[in-house]
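Trainee: give me the fold of what follows.
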Amino acid sequence: MLHNLFPLWIALCANILAQVIKPFIYYYRSGKFDIHYTIACGGFPSSHTSTVTALSIAVGLVEGFDSTLFAITSVFSVIVIYDAVNVRYYAGKNIQLTQQLVSDLAEMIKLPLDDPIYHEKMKQVLGHRMIEAVGGFVLGAVLTVVVAFILGLF
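Mentor: Residues are numbered from 1 along each chain as shown. Down below sits the predicted model:
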């Protein structure tokens with residue numbers, strides 16, 4: 001049973017581990033500890049990337065790297081990683097640009113922006129830089145291989 005569910009459990013563990021690491025990386029970079037980074041989007045390492053990497057490698061170890069299931073999870077992983085690095089990252093950049101434009105507009109023409117939508121606080125960091133995705137990939141791969149070795153799965 002553990003053998004069959006290994007991909008599920010290791011993917012969940014990779015996700016949780018990546019999220020738990022984020023506040024410590026933030027502390028290392030900024031000198032400030034913020035526990036909220038455990039549930040935050042973005043940051044180092046990418047939990048999206050660590051999760052799908054762990055899932056794909058675990059499926060490869062359990063089902064075989066020449067299996068259809070491994071091919072499916074690999075394609076799924078590439079899509080998720082691409083989305084995290086490109087689509088979600090640039091969506092966050094769009095939020096920053098829009099907020100700056102609204103602020104500049106209000107300041108330049110002294111237009112009172114009374115509609116609540118202009119004052120809505122939006123998260124600007126949604127996606128990942130490439131180095132954050134690489135960190136997630138390494139975390140997911142190393143965790144999966146080490147745990148699989150300990151459990152004697154290969």
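
Trainee: every contact and neighbour count from this point should use C-alpha atoms.
Mentor: Fine.

Trainee: show me what counts as buried in the helix or strand encompassing Val59.
Mentor: Secondary structure from DSSP states H and E places Val59 in helix 47-63. For helix 47-63, the neighbour count (16 or more other C-alpha atoms under 10 Å) marks 47-62 as buried.

Trainee: nearest to Met130 among the residues you listed?
Mentor: Thr49 (10.5 Å; C-alpha to C-alpha).

Trainee: would you check that that closest one makes contact with Ile131?
Mentor: No: the criterion here is C-alpha atoms under 8 Å, and Thr49 misses it with Ile131 at 11.1 Å.

Trainee: please name the residues that touch Gly60.
Mentor: 66-67, 70 (C-alpha atoms under 8 Å, 6 or more residues apart in numbering).

Trainee: and what of Gly136?
Mentor: So Gly136 contacts 18, 44-51, 53 (C-alpha under 8 Å, 6+ apart).

Trainee: check the gap between it and Pro45 for me.
Mentor: 5 Å (C-alpha to C-alpha, to the nearest Å).

Trainee: pass me the low-pLDDT residue ranges in the protein, would you?
Mentor: Applying pLDDT under 70 to the chain flags residues 1-2, 88-89, 92, 106, 110-127.

Trainee: any chance of the contacts of Gly60 in JSON lines, plus secondary structure, distance to Leu5 and neighbour count?
Mentor: Below are the contacts of Gly60 laid out as JSON lines (DSSP: H, G, I helix; E, B strand; the rest coil; distance: C-alpha to C-alpha, whole Å; neighbours: other C-alpha atoms under 10 Å):
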{"residue": "Asp66", "secondary structure": "coil", "distance to Leu5": "19", "neighbour count": "9"}
{"residue": "Ser67", "secondary structure": "coil", "distance to Leu5": "17", "neighbour count": "12"}
{"residue": "Phe70", "secondary structure": "helix", "distance to Leu5": "14", "neighbour count": "21"}
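
Trainee: out of these, which comes closest to Val145?
Mentor: Distances from Val145 to the contacts of Gly60, taken by C-alpha to C-alpha, are shortest for Phe70, at 15.5 Å.

Trainee: thought the closest one was touching Val62?
Mentor: No: the criterion here is C-alpha under 8 Å, and Phe70 misses it with Val62 at 9.3 Å.

Trainee: now do the shared contacts for Gly136 and Pro45.
Mentor: Common neighbours of Gly136 and Pro45 (C-alpha under 8 Å, 6+ apart) are Ala18.

Trainee: sounds good, over and out.
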